[in-house]
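Peer 1: here is the input, now give the coordinates:
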Amino acid sequence: MQSITSEPSFDGAAVPPPPPPPPPASSSSSAAAPTTATATTPPKRRHRVDSNPSAQWSPSSTAPDPKRARSFGGSSSSGTYTTTAMSARVQGKRPEVIDLTHSAAGNSPSSRKGASFSSSGQHHIGGARKLVIKNLRTSATNPTRAASVDEYFVAKRKELDDALSDIFAWGSPAKHGLDRLYRGVEDLCRKGEAAELAERLWQRCEAHLNGVDVLGRIRSDGGVGDDVALLRSVLAHWKAWTEKLLVIRWIYSYLDRSFLLNNKTAMRINDKGISSFRRMVFGSKKDLAPVPPPVGGRVLAAMCQLVDYDRRNDECFESAMLKDSITMLRLFGVYGKQFEPQFLGESHQYFVNFAEERNVSYGLKDYIIACERLLQREDERCDGYNFDSTTKRQLRDDAHDILVEKYSDKLLEGGSVGKLLDANDVESMRALYRLLKLSGIQKRLKGPWEDYIREAGAAIVSDTTRGDEMVIRLLELRRSLDIMIRDAFEKDEDFTYGLREAFGYFINNKKVLSKWNTGTSKVGEMIAKYIDMLLRGGLKTIPKSLLSDSKDRADAERSGLASTGDEDAELDRQLDHGLELFRFIEGKDVFEAFYKRDLARRLLMGRSASQDAERNMLSKLKSECGSSFTHNLEQMFKDQELAKDEMKSYKEWMTGTGRTEKNSGVDLTVNILSAAAWPSYPDVRVLLPKEVLEQITTFDSYYKNKHTGRRLTWMHNLAHCVVRAQFNRGPKELQVSAFQAVVLVLFNDVEDRAVPVLSYEQISQATGMAGGELERTLQSLACGKVRVLTKHPKGRDVNKTDTFTVNKAFTDPKYRVKINQIQLKETNEENQETHQRVAADRQFETQAAIVRIMKSRKTMTHLQLVTEVINQTRSRGALDAGDIKMNIEKLIEKDYIEREGGSYTYLA
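Peer 2: Next up is the predicted model:
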């Protein structure tokens, strides 16, 4: 006797269970008929496959829930009965062993699962705990059962074959459900036929792919020579195959998870399906060669043709097809061995042809734009269509080698680069720099860059017709080059260094400066005049192209400086730009001479736009050149402060002595200057009004009594006055120069005349002025923008026969009106005199340097002495070796040094 322990519900088995043995001929009277539940629910798990394929599951085979009271009905030979289930406490302990041999009803599923009977005939509800089967017979002793099982498996094999045929034809099985097919695969695997089932599946798949339905149709769709059509057909069949393969995986998932997953030699269904399609198109992966079979070769050719369509903007290009093709090749594993070499080879030839065509027909700018656009499109294609990163890198390197390095002579041709720089073409220069940088040869652009700066700068400095615009043009050139470095060259320090070297070369090139015939640096003079213009007029005197842009403001804020949006900060920045040019000058003594003269005029005439800017500029010069350079300039500011203190003391003295300036109608202010610090000015003779002369005499006496031994030299041509005038429409205050005030005061003496007129000769005799000085003064009062005098006859030029009257009808919206004196432009003689004075000072500075060097060294050779002199005098302006030798000879004559053999010796 064998016993089987089971739960109330049964799990599925690989082989259907054998049918129960037939019931005995007679049964005990105490046996009860099987009961049938009146209300049941389907089982949560599927049942075993019955040995009879036609047997179906029925709700009656499910046992009722033992926890809930239910009514059961049944039948027996004696009639029909009905019982009601009771709780376990009422019915007592249930038997744990059920003898199924005592009742024929025990063979039914309902009796096994729904109720149990004791030997005494008592009815138990709730299911058995243990089943005992006596005299169990095996299937070998039951020929009918074995035949049924074999028929079942044969039917399942046929169902699977039919399902595959339907999937290959329609994409899904038509006759049987997926669940039924899945159970068939599971039963065959449990029977031990997993290997045969997998082999049969592969044979059917291979036959389908290599037959007329797939491979044959692909070849027919491709026709002769239409590779793109063939690729389209391959992609369509590949898409259909992936859908079919998904259905196959659903059906054969039990085979995939139970047998193929643990088999080291077999491939899983998805991998095998992909491998079969790849082998159909490109051949076996093991035998994969660089040269694919005919179908695979045409597929690769079609993909390269699609890329060519895209490069030439052909309408035949299909982006989705190319992207799907790349994805398919990467999945097949043939991308790197077959497609990539062929694609790179054809791309190489395309780049060669592209470069040759553009080199002949395009200029540098168009060639740069074409190359940049090509490289950008190649990168976008590789990224957009899932090309491998190694393909992108090799493609880019090949393109750079052909388009850039091979044609680097064209890209670095000085004339073409100069045209782009001259046109301030930032975009083209940025593209050129990036092209060269990607190939690692961007440093070679520094040569054409410096050549252009030298040529452009030398042309500006040597242009004698536009000397007044020299510094502005140089700053505009510098500004454009700085923007080029910032926006095009990615702030490359090598190009910044090259810019400085080039500026220093042409600014100090004596061949370039020789066209001015000054003997000294013309650039230093013009820089001093430019800074004078800035400090007098502010930002309104310079072009807008030199002002800061938004990027400069952002850089200033990031560096912690004041925003260049502030006017004072912008003025400071423009002064820095002027000093940047000043740094390149080797002869800074020329700058000092002209800057000193202009500073004196600004301080004395009150023409500075900002005293803070003046002092800020002085501190910049001091930090740049040292305190010795700015000693006299600082003294000029100190004299201004001392003059204020002196005038305060004078006013107190006047008050203490009982003298008042109000009685004379003159409020005198005197600036006392030290002659050593200030530049020299010509003395212009003028007859002052009596009231002014008295005040000057009083101050002169006061100053000489206070400072014994000092002498004052009055420079009336640098003085300015404020004169009150009465016109028909009210009084005005006229801010004029001393010469203009002297002329205006003369009309007070003729006001009572019937005809208050003064002739040119009368004015000349009364003021002591004559010639050009008087003509410019009268012209500023009668012919300028503000006309307080009327000239007869009218005209712009002043003649000796003209007469003048007061313009009583003069009007102006402002109470204080400034009348500018017509400034006499600096003549060539005066300019040349300044340069000659600087050159003479250089001779003395050179001799002083020679004496200092020899005093410290005692003995030196000629070459050593010349070299040391040049090094010490370079900042202020070094002389040529010939001039230095001439000064050495002068010092030998003065017995400072002597020549002994090939060297010089200092004489104490």
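Peer 1: C-alpha only now, for contacts and for neighbours.
Peer 2: Noted.
Peer 1: what sits against residue 216?
Peer 2: Counting by C-alpha atoms under 8 Å, 6 or more residues apart in numbering, residue 216 touches residue 210.
Peer 1: so it: helix, strand or coil?
Peer 2: For residue 216, the assignment made with DSSP: H, G, I helix; E, B strand; the rest coil gives helix.
Peer 1: where does the stretch 251-400 of the chain have low pLDDT?
Peer 2: Applying pLDDT under 70 to the stretch 251-400 of the chain picks out residues 285-293.
Peer 1: report the buried residues of stretch 330-339.
Peer 2: Buried positions in stretch 330-339, judged by neighbour count with 16 or more other C-alpha atoms under 10 Å: 330, 332, 334-335, 338-339.
Peer 1: cool, stretch 754-766 as well?
Peer 2: Neighbour counts using 16+ other C-alpha under 10 Å place 757-758, 760, 763-764 of stretch 754-766 among the buried residues.
Peer 1: which residues make contact with stretch 523-530 from outside it?
Peer 2: Applying C-alpha under 8 Å, 6+ apart, the contact partners of stretch 523-530 are 461, 467-468, 470-472, 507, 578, 581-582, 585, 587-588, 590-592, 594-595, 598.
Peer 1: now, which of the residues you listed lie within helices?
Peer 2: Counting by DSSP state H, those place 461, 470-472, 507, 578, 581-582, 588, 590-592, 594-595, 598 in helices.
Peer 1: neighbour-wise, which of those residues leads?
Peer 2: With neighbours defined as other C-alpha atoms under 10 Å, the most crowded of those is residue 590; it has 27 neighbours.
Peer 1: about what we covered before: which of the buried residues of stretch 330-339 fall within helices?
Peer 2: 330, 332.
Peer 1: okay, the buried residues of stretch 754-766 in JSON lines with distance to residue 323, pLDDT and secondary structure next?
Peer 2: Formatted as JSON lines, these follow (distance: C-alpha to C-alpha, whole Å; pLDDT from 0 to 100; DSSP: H, G, I helix; E, B strand; the rest coil):
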{"residue": "757", "distance to residue 323": "99", "pLDDT": "89", "secondary structure": "coil"}
{"residue": "758", "distance to residue 323": "98", "pLDDT": "90", "secondary structure": "strand"}
{"residue": "760", "distance to residue 323": "96", "pLDDT": "89", "secondary structure": "helix"}
{"residue": "763", "distance to residue 323": "97", "pLDDT": "91", "secondary structure": "helix"}
{"residue": "764", "distance to residue 323": "97", "pLDDT": "91", "secondary structure": "helix"}
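Peer 1: and the closest residue to residue 430 other than its chain neighbours, what does it touch?
Peer 2: Closest residue in space to residue 430, ignoring its immediate chain neighbours: residue 488 at 4.0 Å, by C-alpha to C-alpha, 6 or more residues apart in numbering. Residue 488 makes contact with 426-427, 429-431, 433, according to C-alpha under 8 Å, 6+ apart.
Peer 1: tell me what the biggest helix by length in the chain is packed against?
Peer 2: Scanning the chain for the helix with the most residues, using DSSP H, yields helix 828-857. Using 3 or more C-alpha pairs under 8 Å, 6 or more residues apart in numbering; DSSP states H and E as the contact test, the elements touching helix 828-857 are helix 588-605, helix 862-873, helix 881-893, strand 903-906.
Peer 1: and with 10 Å instead?
Peer 2: helix 522-537, helix 588-605, strand 859-861, helix 862-873, helix 881-893, strand 897-900, strand 903-906 (3 or more C-alpha pairs under 10 Å, 6 or more residues apart in numbering; DSSP states H and E).
Peer 1: let me know which of those is tucked in deepest.
Peer 2: Highest mean neighbour count among the helices and strands packed on helix 828-857 (mean count of other C-alpha atoms under 10 Å): helix 522-537, with a mean of 22.
Peer 1: which is the next helix or strand following that helix?
Peer 2: Using DSSP states H and E, the next helix or strand after helix 522-537 towards the C-terminus is helix 550-558.
Peer 1: chain center to that next one: distance?
Peer 2: 15 Å (C-alpha atoms, centre = their mean, to the nearest Å).
Peer 1: also stretch 590-606?
Peer 2: Worked out by C-alpha atoms, centre = their mean, stretch 590-606 lies 46 Å from the chain centre.
Peer 1: pull the number of nearby residues for residue 748.
Peer 2: 11.
Peer 1: isn't it up against residue 756?
Peer 2: Yes: contact criterion C-alpha atoms under 10 Å: residue 748 and residue 756 qualify, at 9.1 Å.
Peer 1: shared neighbours, the two?
Peer 2: Residues touching both residue 748 and residue 756 (C-alpha atoms under 10 Å, 6 or more residues apart in numbering) are residue 806.
Peer 1: check contacts around residue 899.
Peer 2: 859-862, 888-889, 892, 905-906.
Peer 1: now tabulate the residues you listed in JSON lines and tack on pLDDT.
Peer 2: JSON lines is the format used below for those (pLDDT from 0 to 100):
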{"residue": "859", "pLDDT": "88"}
{"residue": "860", "pLDDT": "86"}
{"residue": "861", "pLDDT": "88"}
{"residue": "862", "pLDDT": "87"}
{"residue": "888", "pLDDT": "87"}
{"residue": "889", "pLDDT": "86"}
{"residue": "892", "pLDDT": "86"}
{"residue": "905", "pLDDT": "88"}
{"residue": "906", "pLDDT": "83"}
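Peer 1: would a markdown table of those with distance to residue 737 be doable?
Peer 2: Formatted as a markdown table, those follow (distance: C-alpha to C-alpha, whole Å):
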| residue | distance to residue 737 |
| --- | --- |
| 859 | 58 |
| 860 | 57 |
| 861 | 58 |
| 862 | 56 |
| 888 | 49 |
| 889 | 50 |
| 892 | 52 |
| 905 | 57 |
| 906 | 55 |
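Peer 1: farthest pair within these?
Peer 2: Farthest pair in those (C-alpha to C-alpha) is 859 and 889. Separation: 15.7 Å.
Peer 1: circling back to that earlier point, buried sites along the longest helix of the chain?
Peer 2: 834-835, 838-839, 842-843, 845-847, 849-851, 853-855.
Peer 1: next one: stretch 173-188
Peer 2: By 16+ other C-alpha under 10 Å, the buried positions in stretch 173-188 come out as 173, 178, 181-188.
Peer 1: now do stretch 772-781
Peer 2: Buried-residue list, stretch 772-781, by 16+ other C-alpha under 10 Å: 773-781.
Peer 1: average model confidence for stretch 453-472?
Peer 2: Stretch 453-472 shows a mean pLDDT of 91 in the predicted model.
Peer 1: cool, stretch 675-685 as well?
Peer 2: 83.
Peer 1: low-confidence regions, the stretch 501-650 of the chain specifically.
Peer 2: Looking at the stretch 501-650 of the chain by pLDDT under 70, you get 559-565.
Peer 1: now the helices for the stretch 151-300 of the chain?
Peer 2: Taking DSSP state H, counting those that start in this stretch, the helices of the stretch 151-300 of the chain run over residues 178-191, 194-210, 217-222, 227-251, 253-255, 269-282, 294-311.
Peer 1: also the stretch 601-750 of the chain?
Peer 2: Under DSSP H, counting those that start in this stretch, the stretch 601-750 of the chain gives helices at 611-625, 631-656, 690-706, 738-745.
Peer 1: next, the angle from the longest one to helix 611-625.
Peer 2: Put plainly, it is helix 631-656. Orientation check (axes from the mean of the first three to the mean of the last three C-alpha atoms, to 10 degrees): helix 631-656 against helix 611-625 gives 140 degrees.
Peer 1: now helix 631-656: how far from the chain's centre is it?
Peer 2: 57 Å.
Peer 1: go on, stretch 773-781?
Peer 2: 60 Å.
Peer 1: contacts for that stretch?
Peer 2: 684, 717, 736-744, 760, 763-764, 767-769, 772, 783-784, 786-791, 795-800, 804, 806, 819-824.
Peer 1: that older thread, just put the buried residues of stretch 754-766 in JSON lines and tack on distance to residue 443.
Peer 2: Below are the buried residues of stretch 754-766 laid out as JSON lines (distance: C-alpha to C-alpha, whole Å):
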{"residue": "757", "distance to residue 443": "77"}
{"residue": "758", "distance to residue 443": "75"}
{"residue": "760", "distance to residue 443": "71"}
{"residue": "763", "distance to residue 443": "71"}
{"residue": "764", "distance to residue 443": "70"}
